[in-house]
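A.B. asks: below is the sequence, then the predicted model.
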There are 4 protein chains.
Amino acid sequence: MADSAGADDEKETGRVEAFSDGVFAIAITLLVLDLKVPRELPEGTPLRDVLMHQWPSYLGFGLSFATIGIMWINHHRLFTLIRRVDHTLLVLNGLLLLGITVVPFPTSLLAEHIRGPDARDVVLIYAVHALNVAVFYSVLWWYATRPKSALLWRDADPVVVQAVTLHYRWGPASYLLSIALAWWNPWATLAVDALLALYFAIPPPHVKRLRRRGGQEA
Amino acid sequence: MADSAGADDEKETGRVEAFSDGVFAIAITLLVLDLKVPRELPEGTPLRDVLMHQWPSYLGFGLSFATIGIMWINHHRLFTLIRRVDHTLLVLNGLLLLGITVVPFPTSLLAEHIRGPDARDVVLIYAVHALNVAVFYSVLWWYATRPKSALLWRDADPVVVQAVTLHYRWGPASYLLSIALAWWNPWATLAVDALLALYFAIPPPHVKRLRRRGGQEA
Amino acid sequence: MADSAGADDEKETGRVEAFSDGVFAIAITLLVLDLKVPRELPEGTPLRDVLMHQWPSYLGFGLSFATIGIMWINHHRLFTLIRRVDHTLLVLNGLLLLGITVVPFPTSLLAEHIRGPDARDVVLIYAVHALNVAVFYSVLWWYATRPKSALLWRDADPVVVQAVTLHYRWGPASYLLSIALAWWNPWATLAVDALLALYFAIPPPHVKRLRRRGGQEA
Amino acid sequence: MADSAGADDEKETGRVEAFSDGVFAIAITLLVLDLKVPRELPEGTPLRDVLMHQWPSYLGFGLSFATIGIMWINHHRLFTLIRRVDHTLLVLNGLLLLGITVVPFPTSLLAEHIRGPDARDVVLIYAVHALNVAVFYSVLWWYATRPKSALLWRDADPVVVQAVTLHYRWGPASYLLSIALAWWNPWATLAVDALLALYFAIPPPHVKRLRRRGGQEA
């Protein structure tokens, strides 16, 4: 009985992962729709000038692609350790997916208006969205690791679980700080957010491989 | 023989779930295409005013996201209890997916025209669509639970099956009632539909976890 | 050795099915992008008139949805019987997927121009596309069932295999006939194509369930 | 312990494959959005003339479809031999997926401007993108096959691994050569790139089936 219940749990989690992966994959692929092919060129203007001139959309594409990619790696990392999902986790995961499907909007805003008079506003929108996602990740992970929830694999390596917890600990506060910086200099906000993205792209220390169990390599 | 037929059935159901999950994931992610980035602003208008002014598209986005998310959780709940699919179930599932892919259309109509002279019409379209989806769910579940269909897991917990049946029992009638209210006040229709969405978001009583079998937790 | 090779084959086929399902799910969900929400209405025109007037896009949506749905059920049916894929099958499956991703184009053309002077041309484009897809299905099935290919499950029920073969036998010829009818009356072409779609939606006689093995139900 | 770690690895790789398949499936299906249905025709112009006139978009569609399809087959081929993924492989796979989601952009540019004064520029953009993808594949494969990485199946057939390595060996250099040809004649670049695509579509010699293990067929 315990065994088949365990198999059910794994199937359940598998379906949540598959649905989430679908959302990640679609969100990351839809980004290309923002790269516009110039159809009719003004007389005498070479195509390459028009293409150069739309560099903000390449920047936006690159930023969004990296952001969603890093979020996927983090989602992946958490769900390697999660064995079963309950209703609350489904809702928290739904909030996270909301944050992911929205990504193209603040990044497009940023790329479009970073050079104009609304620079601070678009940086704030971008940074608040990043903060939201960081909070969603932290809440999901906090809920999943509560002893009462009992959602992790029972043989999950405590070193790995602890490393992930520490890795996420300062996320929300750091994003909050980056928002405060916008009143001084919007570019400082972006610099801090880029560093934070990089930080979350790199696996936590002592967690070289995405695996849940400890022990030596075979 | 019985065992390998069972494995076939599970694989079959798995493929139907995967296809349905794909449709849900794409439908929910496509919604972001309705959030438009303002490119050229009228002289002297700050971006934030333009962004504020398009609040109906945020409302539409939020509504559609929640609607599709709740539908996914419900689909998920039913298919936890379904072991095999036959041709009729495939067709019923197809009707359900039709209802899901269409979601952005009535919600966009609603968000765009709720403030204008066509408010009642868009509310009616929205509520009729919600009724259709409720009917599709009820018919699918009625068909799957018919003893003659024999589509459920044989060890499906009868308490859970019964709870789901009761949960869906008043769905179509409630949506019908919400439609009638539109002739009195369209906002009443929306309020009832929002409450119904919430009601279907919450798991039925006595079904705390999305699992098919009874028994104690391990 | 034979067993683990078999497991590899199943995994392989699973990945081809998953990729194909993804394409089907996306193609069927993208259709909603053709349903346009009227933004600004001409003075004094009620929304409902504008919505009624764009009935061809609803027709196109319904047609395409049914077409892709039926194709998915057929794809599903064939792959229930196929155990392994080789390079040629991958290419044939690719041609089939090409036919599926293209579906929105001829159906949109049809819905847009069926009332105008180009009715015959759009019907011809639609019917030629349907013929292509029928030919791709027939070739794929012919290739998969060749004894030399050895791609089917060894315990595939020969009654089912034979029923599928018979079911597809007259497909291409019937679509060819429907094309010839367009010179007499384009609506006759559409009527025949609709009947053929219905014919392919229904499982072949003696194949009530999508399962590969014979034997009694448990 | 070794066994369950192996099962984890397979699940991990499965999730990377599923995510990648999603990206491939969406990228290949989004292409249809570039096939525009002419809505209002200039007075007296038959639809067929308008459709003929937009042949570059059909060319672009066909090219992109074939390109992404061939990339999928290659991705598939590599991951048949890969048993586990580490963080570096995730990043390399991400770069590959970046290359795939971008495909519609250079091919659309090519189809739109190949007849105009910017022909050389769009051919160069197209060929540089093809070179990038070839480099990403080579680096990913080089990394996966390093003895130190230990990412392949331990029973992977060395003949197959070697055949794949040889198959990819001259890819980057050939694409580089094709770029150099653009200064002489852009069509020569396209001809070489088409031949290279064909070359990568065909399985390497001695690798008739996409399987990892050697031994006789059962």
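C.D. replies: Sure, I can see it. Residues are numbered from 1 along each chain as shown, chains lettered A, B, ... in the order given.

A.B. asks: isn't A:Thr101 right next to A:Ile28, touching?
C.D. replies: No - look at A:Thr101 against A:Ile28 with Cβ atoms under 8 Å: they stay out of range, at 10.6 Å. Where you see a C-beta, it was placed from the backbone N, CA and C, and this is true even at glycine.

A.B. asks: which one of those two has more residues nearby?
C.D. replies: More crowded of A:Thr101 and A:Ile28, by other Cβ atoms under 10 Å in any protein chain shown: A:Ile28, with 30 against 23.

A.B. asks: how many residues are close by the spatially closest residue to that one that is not a sequence neighbour?
C.D. replies: Nearest residue to A:Ile28, sequence neighbours excluded (Cβ to Cβ, 6 or more residues apart in numbering or on different chains): A:Ile68, at 4.6 Å. Per other Cβ under 10 Å, the neighbour tally for A:Ile68 reads 24.

A.B. asks: mind listing what's buried along the helix or strand hosting A:Ile68?
C.D. replies: Assigned by DSSP states H and E, A:Ile68 falls within helix A:55-81. Using 16 or more other Cβ atoms under 10 Å in any protein chain shown as the test for burial, helix A:55-81 gives A:57-58, A:60-61, A:63-81.

A.B. asks: next up, the contacts around the residue nearest to A:Ile28.
C.D. replies: A:24, A:27-28, A:31, A:100, A:103 (Cβ atoms under 8 Å, 6 or more residues apart in numbering or on different chains).

A.B. asks: could you single out the nearest of those residues to B:Val16?
C.D. replies: Nearest to B:Val16 out of these is A:Phe24 (Cβ to Cβ; 22.0 Å).

A.B. asks: next one, pLDDT for the spatially closest residue to the closest one that is not a sequence neighbour please.
C.D. replies: Using Cβ to Cβ, 6+ apart and skipping residues adjacent in sequence, the residue nearest A:Phe24 is A:Trp72, 4.6 Å away. On the pLDDT scale, A:Trp72 is placed at 87.

A.B. asks: roughly how far does A:Trp72 sit from D:Leu30?
C.D. replies: 19 Å (Cβ to Cβ, to the nearest Å).

A.B. asks: under the pLDDT cut-off, which ranges of chain A? List them.
C.D. replies: Across chain A, the ranges flagged by pLDDT under 70 are A:1-11, A:149, A:155, A:205-218.

A.B. asks: of all the residues in stretch A:103-115, which ones are buried?
C.D. replies: A:103-114.

A.B. asks: please apply the same query to stretch A:119-128.
C.D. replies: Result for stretch A:119-128 [16+ other Cβ under 10 Å]: buried residues A:119, A:121-127.

A.B. asks: pull that stretch out as CSV, backbone CA atoms only.
C.D. replies: Only the C-alpha atoms of stretch A:119-128 are listed here, as CSV (Å, rounded to 0.1, in the frame of the first residue of the first chain):
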residue,chain,number,x,y,z
ALA,A,119,13.7,54.7,-17.5
ARG,A,120,13.2,54.7,-13.7
ASP,A,121,9.6,53.5,-14.0
VAL,A,122,10.4,50.5,-16.3
VAL,A,123,13.3,49.6,-14.1
LEU,A,124,11.0,49.6,-11.0
ILE,A,125,8.4,47.5,-12.8
TYR,A,126,11.2,45.0,-13.8
ALA,A,127,12.7,44.9,-10.3
VAL,A,128,9.3,44.5,-8.6
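
A.B. asks: is that stretch in proximity to chain B?
C.D. replies: Yes - contact between stretch A:119-128 and chain B is present through A:121-122 (criterion: Cβ under 8 Å from any Cβ of the partner chain).

A.B. asks: distance from that stretch to the middle of the chain?
C.D. replies: On the basis of Cα atoms, centre = their mean, to the nearest Å, stretch A:119-128 sits 17 Å off its chain's mean C-alpha point.

A.B. asks: ramachandran angles for A:Val85?
C.D. replies: Phi and psi for A:Val85, reported as degrees, to the nearest 10, are phi -120, psi 140.

A.B. asks: got a list of what A:Ala27 touches?
C.D. replies: A:Ala27 is in contact with A:68, A:100-101, A:103-104, B:29, B:32, counting by Cβ under 8 Å, 6+ apart.

A.B. asks: just the closest of the residues you listed to chain C, please.
C.D. replies: Nearest to chain C among the contacts of A:Ala27: B:Thr29, at 9.1 Å, using Cβ to the nearest Cβ.

A.B. asks: for that closest one, which non-adjacent residue is closest in space?
C.D. replies: B:Thr29's closest residue in space is A:Ile26 (Cβ to Cβ, 6+ apart), at 4.0 Å.

A.B. asks: was I right to think that neighbour contacts D:Gly22?
C.D. replies: Yes - using Cβ under 8 Å, A:Ile26 is in contact with D:Gly22, at 7.0 Å.

A.B. asks: and after the particular helix or strand that has A:Val122 in it, which helix or strand comes next?
C.D. replies: Secondary structure assigned from DSSP H and E places A:Val122 in helix A:119-145. Following helix A:119-145 in sequence order, the next helix or strand is helix A:158-169 (DSSP H and E).

A.B. asks: can you tell me what sits against the helix or strand just after that following helix?
C.D. replies: Counting by DSSP H and E, the next helix or strand C-terminal to helix A:158-169 is helix A:171-181. Applying Cβ under 8 Å, 6+ apart, the contact partners of helix A:171-181 are A:124, A:127-128, A:130-131, A:134-135, A:137-138, A:188-189, A:192-193, A:196, A:200.

A.B. asks: any idea how far the residue lying closest to A:Leu131 once chain neighbours are set aside is from A:Val103?
C.D. replies: Nearest non-adjacent residue to A:Leu131, counting by Cβ to Cβ, 6+ apart: A:Tyr175, 3.9 Å away. According to Cβ to Cβ, A:Tyr175 and A:Val103 sit 15 Å apart.

A.B. asks: residues of chain A that sit close to chain C?
C.D. replies: By Cβ under 8 Å from any Cβ, the residues of chain A that approach chain C are A:Ile26.

A.B. asks: report the central residue of chain A.
C.D. replies: For chain A, the residue nearest the mean C-alpha position is A:Met71 (2.5 Å; Cα atoms, centre = their mean).
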